[in-house]
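A.B. asks: The following block contains a protein sequence and its predicted model.
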Amino acid sequence: MDKEQIRNIFIEEATEIIENLDVNIINFEENPQDKDILNELFRGVHTLKGSANSFGFTRLGEFVHHFEDVLDHYRNTDDVVDPDSIDTFFSAVDIIKDVMWREVEGDESVPDNYEETLNGIKNILAREKTSEDPMEALADLAAEFGDDSSNEKEEKKKKKKKKKKKKDQELKDNQENDSEYSEESYNADDIRKLKKQIQDGESLYHIKLTLDDDIYFRGFDHAKIFKLLSDDSRVLDSWWDMSNVSELESFDPERSQIKCVDVFIATRENEEDIIELFEYIEDNEYVIKHIETSEDQTPEPEPLKDEDIKFGNRAEDIEEIKEVEQTEPTVQKKVDAPSKKEDSKTPQRRKGDMRSFVKIDTHKLDELFDSVGELVIAQNFIAESDDIKSIKSESVSKTINHLSKITRLIQNRVMGLRMVAVHDTFEKMKRVARDASKKVNKEIALEIEGAETEIDKTMVDSLSDPLIHIMRNAIDHGLEDSAADRVEVGKHEVGVITLRAFHRGGNIAIEVSDDGRGINRDKVFAKAVERGIINEDDDLSDSQVFSLIMQAGFSTADTISDISGRGVGLDVVRSAIEKLQGKVEISSEVGKGSTFTILLPLTLAIIDGMIVKSANDTFILPTLSVVESLVPSKDIVHYMKKKGEFLDLRGEMIPIVRLNHILDISQERPEVTESTLICLENENGKYALLVDDLIGRQQVVIKSLGPTLSRIKELSGSAIMGSGEIALILNVEELHSFEVSKV
């Protein structure tokens, strides 16, 4: 593995850790008594520190080290983290993000508030230590002036107990995170041999040393620790993990490369005395565990009998299962509750049944999906081939159908590999909501629903920025300006922002709603007229008026804040969502609140489309934009001088757009009443697309158009049909950007 690969691994793992820090701090702020969250924070920061130091990122390593000290203090004491400290934690995470990328890119500078935040972290620790029990401070003074009294001994005993409690917590953390040392160099036979060496009055202890690579700079090494242990104990055996030691040419004698050392000692000292030997070693660098040597408390496991072993689907297992299934109803009638003995016979999950995970480069998944797409095209080609259809054979037809089912199954399975839950993206929004609410001084509650909803991985990565803009807009513009304003209109003083994901048809819908004042339709309409976007006599629906706020530079804010009001943001949302082949819908009610709904396809690799024909060419319309299709009668088709053709669709006048004229593929003018109209909807409203024929609905694999055709804005991609014909995918947003055909 070269340096570039290692660097990429570091970036990936560090980014994941930092994202989790934000989420964990938010969760800890909501549950300040939950030590498990604090421990998770500490483990993440500690891992990040080790990775940064191993890459020589000293600025990041120094900063994270001090952050780790603060977290370590809180997790080993009962001190309460105050709101100011939580703010400092968030600032620290921002610094860590910034410094990490500066280190990776070789930028030797630091953020402007680096020193300020670092001093803030140090001050937290200094403040907490100053506020400790004053009796401890008096004991320290007595020790300083040589007062060897019983009080000093008592304080020393208290410190030992405190350190033991701290080590117990450290042991718990290491057991929870034991994956780092999962492959031990010793086994159960070695432990049994060590137990036999224990003499009367002695106890057996296992000490795991995981010293940081800078241990030599601190004046310690493994030999000195062994010397301290051997003064009052017997070192029975040790196992050394030398897997990280470099070759002689690249060996650095100033850095420890010994990953882990397991030491077993026999001693008459108690655990507190052993812990005291490690007073100058970091708490995360060692774990002490007492091993019980009493045989009656640790009985040898009984060997399994052949009849107790159940592996795979052996013939005798299958027969046994059948017998159980046949007798199960009778057993349920006779027995109300199974005994412990019967419970013990319940088949348990074997080690081989445990789920395991592997990280795969997304590019490899894309390549796999492309290959499956080619397989689907080939299968469709076979199924629709006239030569194959001419073979009058039932077995051939069954084989073709079976191939189609398998191909569809493979396609769905590979699609599933690309799908991830929106949970992590939603969790990030907690930090966005917190920061935005503090900046505008509004108290809010964020409710999250449907976080388990899955979406294409490539879309998740592009979803964060649009959601951030919508969240900020909802908090700043959507909610009332103050708690008093909310109470005055009969609402709770705390504003509610709801983030929700769910399936709608064959698409994913993500909603951001608020219970605020709603959008003032008249104000938006007047602003649009003022800017020349619409005419004063235009008859627009509510949804069309609301969509105007997503125009570039459009804003109705009376004041500009740090997070919104400049007319940028929602136009970025619209552009970003359109790139994902989705759209944004806005609904609002004055005094009740507003809802922004992002509609997205399940994946960017496959599109669910309507296949249409125009001038003998095949085109595909995304079903997401299709409202309905119809063959109109004469009484609902109207002609307006100098404006074109219109369709009276249940009282709503919508323009008719001839596809062959828009794409300039034919100048023929078939009668509207003899053609098919596809009612489409884009950000400008509805329009009816006139085509020659509607073939049907089909899922197709999207192919890029190439550098030349991609410049045609009316097209968004292409697909290969089962017949081998290439069909162009139409961009619904751009088809109605031209003038409609004139009469």
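C.D. replies: Perfect, I can see it now.
A.B. asks: Name the SS class of L375, please.
C.D. replies: What DSSP: H, G, I helix; E, B strand; the rest coil gives for L375 is helix.
A.B. asks: pretty sure it contacts I406?
C.D. replies: No: under the contact definition of C-beta atoms under 8 Å, L375 does not touch I406, with a separation of 9.7 Å. Bear in mind the C-beta positions are built from the backbone N, C-alpha and C, glycine included.
A.B. asks: which one of those two has more residues nearby?
C.D. replies: L375 (17 against 12; other C-beta atoms under 10 Å).
A.B. asks: Distance of the more buried one relative to S404?
C.D. replies: Using C-beta to C-beta, to the nearest Å, L375 is found at 11 Å from S404.
A.B. asks: Settle this for me: E493 is touching R486, isn't it.
C.D. replies: Yes: in terms of C-beta under 8 Å, E493 counts as a neighbour of R486; the distance is 5.5 Å.
A.B. asks: Just want to know which of those two has more residues nearby.
C.D. replies: For E493 versus R486, neighbours defined as other C-beta under 10 Å are more numerous around R486 (21 against 13).
A.B. asks: ok, now which ones touch the closest residue to the more buried one other than its chain neighbours?
C.D. replies: The spatially closest residue to R486, leaving aside those adjacent along the chain, is E480, at 4.8 Å (C-beta to C-beta, 6 or more residues apart in numbering). When contacts are counted by C-beta atoms under 8 Å, 6 or more residues apart in numbering, E480 is found next to R486, V489, K491, G495, G516, R517.
A.B. asks: Which of the three states applies to E480?
C.D. replies: Of the three states, E480 takes coil under three-state DSSP.
A.B. asks: Secondary structure element holding I400?
C.D. replies: helix 394-418 (DSSP states H and E).
A.B. asks: If you count neighbours, what's buried in that helix?
C.D. replies: Buried residues in helix 394-418, counted by 16 or more other C-beta atoms under 10 Å: I400, T407, I410, Q411, V414, M415, R418.
A.B. asks: and if you look at stretch 443-453?
C.D. replies: Buried positions in stretch 443-453, judged by neighbour count with 16+ other C-beta under 10 Å: I444, L446, I448, G450, T453.
A.B. asks: ok but P655 is inside a strand, no?
C.D. replies: Yes: according to three-state DSSP, P655 belongs to a strand.
A.B. asks: contacting residues for it?
C.D. replies: Each residue near P655 by C-beta under 8 Å, 6+ apart is listed here: G644, E645, F646, L647, Y687, A688, H736, V740.
A.B. asks: From those, which land in strands?
C.D. replies: Counting by DSSP state E, the contacts of P655 place G644, E645, F646, L647, Y687, A688 in strands.
A.B. asks: can those go into TSV with extra columns for neighbour count, pLDDT and distance to K35?
C.D. replies: TSV is the format used below for the ones in strands among the contacts of P655 (neighbours: other C-beta atoms under 10 Å; pLDDT from 0 to 100; distance: C-beta to C-beta, whole Å):
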residue	neighbour count	pLDDT	distance to K35
G644	17	85	70
E645	20	90	70
F646	19	92	68
L647	21	92	66
Y687	22	91	60
A688	29	93	63
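A.B. asks: Would you map the strands across the stretch 151-300 of the chain?
C.D. replies: 203-209, 233-241, 260-267, 286-291 (DSSP state E, counting those that start in this stretch).
A.B. asks: Could you name the specific helix or strand carrying the residue positioned nearest the centre of the chain?
C.D. replies: What sits nearest the mean C-alpha location of the chain, by C-alpha atoms, centre = their mean, is D424, with 2.7 Å. Assignment of secondary structure by DSSP H and E places D424 within helix 423-439.
A.B. asks: Point out the other helices and strands that that helix packs with.
C.D. replies: helix 3-30, helix 83-104, strand 444-449, helix 464-473, strand 495-504 (3 or more C-beta pairs under 8 Å, 6 or more residues apart in numbering; DSSP states H and E).
A.B. asks: And these: which comes nearest K289?
C.D. replies: Comparison of these against K289 by C-beta to C-beta identifies helix 3-30 as nearest, at 27.1 Å.
A.B. asks: what mean pLDDT would you report for the helix or strand that the closest one is followed by?
C.D. replies: Using DSSP H and E, the helix or strand that follows helix 3-30 towards the C-terminus is helix 35-54. Averaged across helix 35-54, pLDDT comes to 86.
A.B. asks: elements contacting the helix or strand following helix 35-54?
C.D. replies: Using DSSP H and E, the next helix or strand after helix 35-54 towards the C-terminus is helix 58-75. Contacts defined by 3+ C-beta pairs under 8 Å, 6+ apart place helix 58-75 against helix 35-54, helix 83-104, helix 114-130.
A.B. asks: ok, and for the last one, which residues are buried?
C.D. replies: By neighbour count, with 16+ other C-beta under 10 Å as the criterion, the buried positions of helix 114-130 are Y114, T117, L118, G120, I121, I124, L125, E128.
A.B. asks: circling back: note down every partner strand of whichever helix or strand comes after the helix holding I400 and its orientation.
C.D. replies: Later in the chain than helix 394-418, the nearest helix or strand by DSSP H and E is strand 419-421. Looking at strand 419-421 with DSSP bridges, its paired strands and their directions are strand 454-456 (antiparallel).
A.B. asks: What ranges in this protein fall below the confidence cut-off?
C.D. replies: Filtered on pLDDT under 70, the chain yields the residue ranges 1-3, 128-185, 217-219, 280, 294-356, 505-506, 556-569, 683, 737-743.
A.B. asks: Which segments of it make up each domain?
C.D. replies: Structural domains assigned to the chain are 3-132, 159-177+185-291, 362-419, 422-601, 606-735, following automatic domain parsing.
A.B. asks: Please identify the deepest-packed of the helices and strands packed on helix 58-75.
C.D. replies: By mean neighbour count, with neighbours taken as mean count of other C-beta atoms under 10 Å, helix 35-54 ranks first of these at a mean of 20.
A.B. asks: ok so, going back, between the buried residues of helix 394-418, which sits nearest N616?
C.D. replies: Checking the buried residues of helix 394-418 against N616 by C-beta to C-beta gives I400 as the nearest, at 28.0 Å.
A.B. asks: what about the nearest residue to that closest one once chain neighbours are set aside, how many neighbours?
C.D. replies: The shortest distance from I400 to any residue that is not its chain neighbour, by C-beta to C-beta, 6+ apart, is 5.6 Å, and that residue is A383. For A383, the count of nearby residues is 17 (other C-beta under 10 Å).
A.B. asks: so after the helix or strand where A383 lies, what's the next helix or strand?
C.D. replies: A383 is part of helix 362-384, with elements assigned from DSSP H and E. Under the assignment DSSP H and E, the closest C-terminal helix or strand after helix 362-384 is helix 386-389.
A.B. asks: Check what contacts that following helix and list those residues.
C.D. replies: Contacts to helix 386-389, defined as C-beta under 8 Å, 6+ apart, come from residues I382, V396, I400.
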